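# sequence first, predicted coordinates after that:
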Amino acid sequence: MRFLHTADLHLGRQFNGLSLEADHAAILDQIAAAALAHEVDALVIAGDVFDRAAPPASAVRQFNAFLSRIRAETGAAVVMIAGNHDSGDRIEAMSVMTDTARALIRGTVAAEEPPLILGDAAGPVAFSALPFAWEYAAREAFGDETLTSPEDVLRAQIGAARAALPDGARWVVVAHGTVAGASVSEAERPLARIGGVETVGAELFDGAHYVALGHLHRPQSAGRPEIRYAGAPLAFGFDEAGEEKSMSLVEIDGAGEVRIAPIPFRPIRGVRVVEGRHEDLLRLPPSEDFLRAVLTDEAPVIDAMRRLRAVFPNACDLCYAREARAPELKALGPVARGLDDPMAVIGGFLDQVRGERADAEELAAIAATLDGLRGGEEGA
């Protein structure tokens, strides 16, 4: 059995206000081409098809055309779930009037989880598609008020899916969440309330031969090689600059052993961070990539972004190296010296916002002001 695993398309998303429609079109073409070239039995999309619950009409049309192409040009079944960015009802509606022998599309949580059964020479392979669900929806679906965390929800879904498995079937689980030990990036929304724990343990998936995950944007395994995030096909933040994106080609043999081969995506525009003097950056080869420029110039450069966009039309962020020190390093000064020392706190603040320490005259003025405030408090 051979299938493609991808996730987190985020159709309709922009990059710093710039449209990604053409970028997504290229990615969807590459997925369709891979499905055809590798003659896959199924295409798995593990959630976050769209970037928001009410995506632009152009994104919906783009995805519908893609699904039509998969149906017409390949023999692949489609297994797809809603992610936390999607409207579950919108994704669920895509299952209406589909061929149930070639599609399992799940948008909303339910107490029963019948799988899609595909077969090869070794027997049946069961695909369980578990859509992302918030706790309140899962409590209603399962009639269980004790479901209070993402792990509780997924445990209930896994239990329902396991109960519906045919005897002897190899098992593929499709889910959307954060498995403990995986690496996150800036673009992902949290899946738990403030203060809550959103991670789930890999042991929840015991018995599955492959777990096709969505939500985290970096391709990676979590806990075990067969528990895998395909990652997003495009970089959505500068913290992902230079990372290679891929979809996963998965093969399961008759004994349930899994082989995973990443198929790299080739985006039409990359995400890059360049650093140097403004005049030197202007001499770099022109590029359509999304760009963050970190200037090492000591003095502010007049019209820096406008001039940079003459070479890099998709430059969308500019900062100066002197201002770009890691926030955690900036915070060390006042925290380490203690919040009970006002002089240290004010000095650390000036250091952070200006990039230089207060001089002797400024320190004397600060001390005089603090002495005046203390005197006022004592006299009150």
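Done, it's in.

# contacts, neighbours, all on C-alpha from now
OK.

# quick one: low-confidence ranges for this structure?
Scanning the chain for pLDDT under 70 picks out the ranges 96-97, 186-190, 192-197, 324-344, 347-361, 363-364, 367-368, 370-380.

# just give me the residue closest to the centre of it.
Central residue of the chain (Cα atoms, centre = their mean): residue 217, 3.5 Å from the mean position.

# ok, residue 171 - contacts?
If a contact means Cα atoms under 8 Å, 6 or more residues apart in numbering, then residue 171 has 125-128, 165, 207-210 as its contacts.

# and those, which two are the farthest apart?
Put simply, by Cα to Cα the two of these set farthest apart are 165 and 210, 14.4 Å from each other.

# higher neighbour count, those two?
Set residue 165 next to residue 210 and count neighbours by other Cα atoms under 10 Å: residue 210 wins out with 27 against 20.

# from what I can see the more buried one touches residue 173, true?
Yes. At 6.4 Å, residue 210 counts as touching residue 173 under the criterion of Cα atoms under 8 Å.

# got the buried residues for stretch 67-84?
Buried residues in stretch 67-84, counted by 16 or more other Cα atoms under 10 Å: 70-71, 74-84.

# measure that stretch end to end?
Stretch 67-84 stretches 21 Å from its first residue to its last (Cα to Cα, to the nearest Å).

# number the chain from 864, please
That works, and once the first residue is 864, the last one we named lands at stretch 930-947.

# chain center to it, what's the gap?
21 Å (Cα atoms, centre = their mean, to the nearest Å).

# and the next helix or strand past the helix or strand containing residue 991?
Element membership for residue 991, per DSSP states H and E: strand 986-992. As assigned by DSSP H and E, the chain's next helix or strand after strand 986-992 is helix 998-1005.

# residues making contact with that following helix?
So helix 998-1005 is in contact with 972-974, 1007-1013, 1016, 1019, going by Cα under 8 Å, 6+ apart.

# let me see the domain layout of the chain.
Residue ranges for the domains of the chain, per automatic domain parsing: 865-1127, 1134-1186, 1190-1242.

# and among the ones you listed, the most buried is which?
domain 865-1127 (a mean of 19; mean count of other Cα atoms under 10 Å).

# on that earlier part again, which strands or helices does the strand holding residue 991 pack on?
Here strand 986-992 touches strand 940-944, strand 966-969, strand 979-983, strand 1033-1039, going by 3 or more Cα pairs under 8 Å, 6 or more residues apart in numbering; DSSP states H and E.
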